[in-house]
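Participant: Got a predicted structure plus its sequence, pasted below:
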Amino acid sequence: MKLTAPLACTVLLALALGPAVAGDETARPNLVVIFCDDLGYGDLSCYGHPTIHTPRLDQMAAEGMRFTQFYSAAPVCTPSRAGLLTGRLPLRSGLCGRRRVLFPDSTGGLPDDEVTLAELLSSAGYATACIGKWHLGHLPQYLPTRHGFDYYFGIPYSNDMHGRPAQNNRPAWQPLPLMRNEEIVETAPDQGRLTERYTDEAIGFIRRSIDADRSRPFFVYLPHTMPHVPLHASSDDSGRSLRGLYGDVVEAIDRGTGRILDTLRELNVAENTLVFFSSDNGPWLSQKLNGGSAGCLRDGKGSTWEGGMREPGIAWWPGHVPEGQVSHAMASTLDLLPTFCQLAGATPPTDRPLDGYDLSAVLLKGDRVGPREIMYFYRGAELFAVRRGPWKLHLRTQSGYGQPRPETHDPPLLFHLDRDPGESFDVAKNQPQVVAELQELIRQHQAELRPGKNQLD
């Protein structure tokens with residue numbers, strides 16, 4: 001546990017005085033995050049997809065809250081995961097740069113001095129597990145078990161990062177490893193079974209945790225490998241979806257999510273468990289039929305247009321999150337750390353800037369306006385756009401992952417996202433005051449920002 005002495009004392013004091021009262025189970029909920037890879041805003045039937053059938057996620061939304069303006073922390077894998085687990089813009093931890101994400105030949109990872117959500121919850125007495133794709137460093141010092149997780153099962157990076165020969169003075173990529181804690185237990189696992197196996201592992205951890213000590217809460221972080229390419233479906237899942245292979249993969253995640261919710265009900269802990277579902281970034285549009293959809297939003301993975309970072313966001317906590325709520329409050333994966341800490345009675349770090357906000361009033365009271373007013377959109381280490389309220393200002397734009405070089409806009413582009421979520425109509429000429437205010441907001445933000453040491457290049 002990498003907490004400074006003052007911070008450790010603060011955490012202990014919060015446990016003594018905060019909402020986590022001994023014997024009051026509702027004050028310390030179990031926490032589950034189900035996190036997809038490259039799932040688009042429009043890829044679930046409850047978000048409007050006409051041929052991908054997601055009845056369990058639709059039910060989860062009907063029994064809980066569905067966000068319409070929920071953002072990932074970045075438009076690609078590694079930085080978005082860093083943002084979720086630290087509650088900080090990825091630039092602060094150095095997990096951004098020219099290569100954009102970590103690779104099997106990368107030597108960096110999530111820095112030891114970053115404090116993760118798992119560490120904070122562990123200090124508050126939670127059992128913690130990471131099951132799925134990590135992508136925050138594959139070397140031993142960066143693995144989940146070194147960052148607050150009691151248990152890990154999954155692959156250390158993306159499922160396409162294997163089998164490449166040595167090139168450009170970089171070593172070859174070995175067969176894809178499947179790990180348990182810090183050991184490789186398989187190489188080249190059957191990817192068609194990964195979603196099912198991750199679900200089995202998550203359910204197994206939940207059952208073991210409850211059998212060992214029902215009064216001890218648990219935190220499960222389940223970052224799925226799919227629907228990142230290459231797509232794989234099991235024989236049971238293949239050919240089931242009208243959307244083809246991509247739909248098969250998403251529908252398998254839907255069924256796995258349903259199995260987890262059913263297990264929570266079976267074990268009589270559903271009313272004491274908050275489950276949150278989202279994705280790391282938008283759809284990989286250049287993969288065509290093997291990529292997803294951002295619905296009415298513009299562009300996808302790798303871009304700071306809305307389709308690159310606005311994601312499905314579903315919260316489920318029977319008896320606590322009001323049923324059937326659709327929230328238009330702006331929110332982000334950056335907000336999960338302070339929200340979960342508030343619910344768990346843990347204290348977020350006070351010795352560093354955090355970029356998340358506590359969403360508990362939105363989740364539990366249905367507040368129409370959340371605490372987040374501003375969202376910054378980074379591509380790598382560079383700020384491309386900012387949103388405040390309905391207004392979004394683009395300094396630079398780039399159309400997706402692997403697409404042509406960015407375009408600089410002087411004057412910047414301005415869109416009203418409530419009226420124009422597809423970012424089709426630039427209104428900067430008609431709103432000079434809004435443009436000036438957002439430019440000043442950017443200036444103030446960049447003046448206080450202190451980037452961490454680059455971990456990617």
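Facilitator: Received the coordinates, thanks.

Participant: mind listing the helices for the stretch 151-300 of the chain?
Facilitator: For the stretch 151-300 of the chain, applying DSSP state H, counting those that start in this stretch gives helices covering 194-212, 245-266.

Participant: so which of those gets nearest Gly400?
Facilitator: helix 245-266 (16.8 Å; CB to CB). Every residue, glycine included, has its C-beta placed from N, CA and C.

Participant: CA-only coordinates of that closest one in CSV, if you can.
Facilitator: The C-alpha trace of helix 245-266 is given here as CSV (Å, rounded to 0.1, in the frame of the first residue of the first chain):
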residue,chain,number,x,y,z
LEU,A,245,-19.6,-11.5,-35.0
TYR,A,246,-19.4,-8.1,-33.3
GLY,A,247,-22.9,-8.6,-32.0
ASP,A,248,-22.1,-12.1,-30.8
VAL,A,249,-19.3,-10.7,-28.7
VAL,A,250,-21.4,-7.9,-27.2
GLU,A,251,-24.3,-10.2,-26.5
ALA,A,252,-21.9,-12.6,-24.7
ILE,A,253,-20.8,-9.7,-22.4
ASP,A,254,-24.5,-9.0,-21.8
ARG,A,255,-25.2,-12.6,-20.7
GLY,A,256,-22.1,-12.5,-18.5
THR,A,257,-23.3,-9.3,-16.8
GLY,A,258,-26.7,-11.0,-16.2
ARG,A,259,-25.0,-14.0,-14.6
ILE,A,260,-23.2,-11.7,-12.2
LEU,A,261,-26.4,-9.8,-11.2
ASP,A,262,-28.2,-13.2,-10.8
THR,A,263,-25.4,-14.4,-8.5
LEU,A,264,-25.7,-11.2,-6.3
ARG,A,265,-29.4,-11.9,-6.0
GLU,A,266,-28.8,-15.6,-5.2
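
Participant: wait, isn't Leu31 in contact with Phe340?
Facilitator: Yes: the criterion here is CB atoms under 8 Å, and Leu31 meets it with Phe340 at 5.4 Å.

Participant: For Lys392, list each beta-bridge partner.
Facilitator: Arg387, Phe415 (DSSP bridges).

Participant: pretty sure it is touching Pro412, no?
Facilitator: No: look at Lys392 against Pro412 with CB under 8 Å: they stay out of range, at 9.9 Å.

Participant: Pick out whichever of those two has more residues nearby.
Facilitator: Using other CB atoms under 10 Å as the criterion, Lys392 and Pro412 rank with Lys392 on top: 24 against 20.

Participant: Return the distance of that one relative to Leu285.
Facilitator: 20 Å (CB to CB, to the nearest Å).

Participant: To what extent is the residue lying closest to Gln455 once chain neighbours are set aside buried, counted in neighbours?
Facilitator: The spatially closest residue to Gln455, leaving aside those adjacent along the chain, is Gly108, at 3.2 Å (CB to CB, 6 or more residues apart in numbering). The tally of other residues near Gly108 (other CB under 10 Å) stands at 20.

Participant: Please, which helix or strand holds Gly108?
Facilitator: According to DSSP states H and E, Gly108 maps onto no helix or strand at all.

Participant: what residues are up against it?
Facilitator: With contacts defined as CB atoms under 8 Å, 6 or more residues apart in numbering, Gly108 is in contact with Gly94, Leu95, Leu102, Gly137, Tyr142, Asn454, Gln455, Leu456.

Participant: Farthest-apart pair in these, please.
Facilitator: By the measure CB to CB, Tyr142 and Asn454 form the most distant pair in the contacts of Gly108, at 14.7 Å.

Participant: Pick out whichever of the two has more residues nearby.
Facilitator: Ranked by neighbour count (other CB under 10 Å), Tyr142 and Asn454 place Tyr142 first, with 21 against 16.

Participant: Name the nearest residue to that one, sequence neighbours excluded.
Facilitator: Sequence neighbours aside, Gly109 is the residue nearest to Tyr142 in space, at 2.8 Å (criterion: CB to CB, 6+ apart).

Participant: any idea of the pLDDT on the one you found?
Facilitator: pLDDT, Gly109: 97.

Participant: got it, and Ala14?
Facilitator: On pLDDT, Ala14 comes in at 40.

Participant: go on, Glu25?
Facilitator: So Glu25 comes in at 42 (pLDDT).

Participant: low-scoring pLDDT stretches of the protein, where are they?
Facilitator: Along the chain, the parts satisfying pLDDT under 70 run over 1-27, 402-403.

Participant: residue boundaries of the helices in the stretch 301-450 of the chain?
Facilitator: Assigned helices in the stretch 301-450 of the chain, in chain order: 306-309, 336-344, 360-365, 432-448 (criterion: DSSP H, counting those that start in this stretch).
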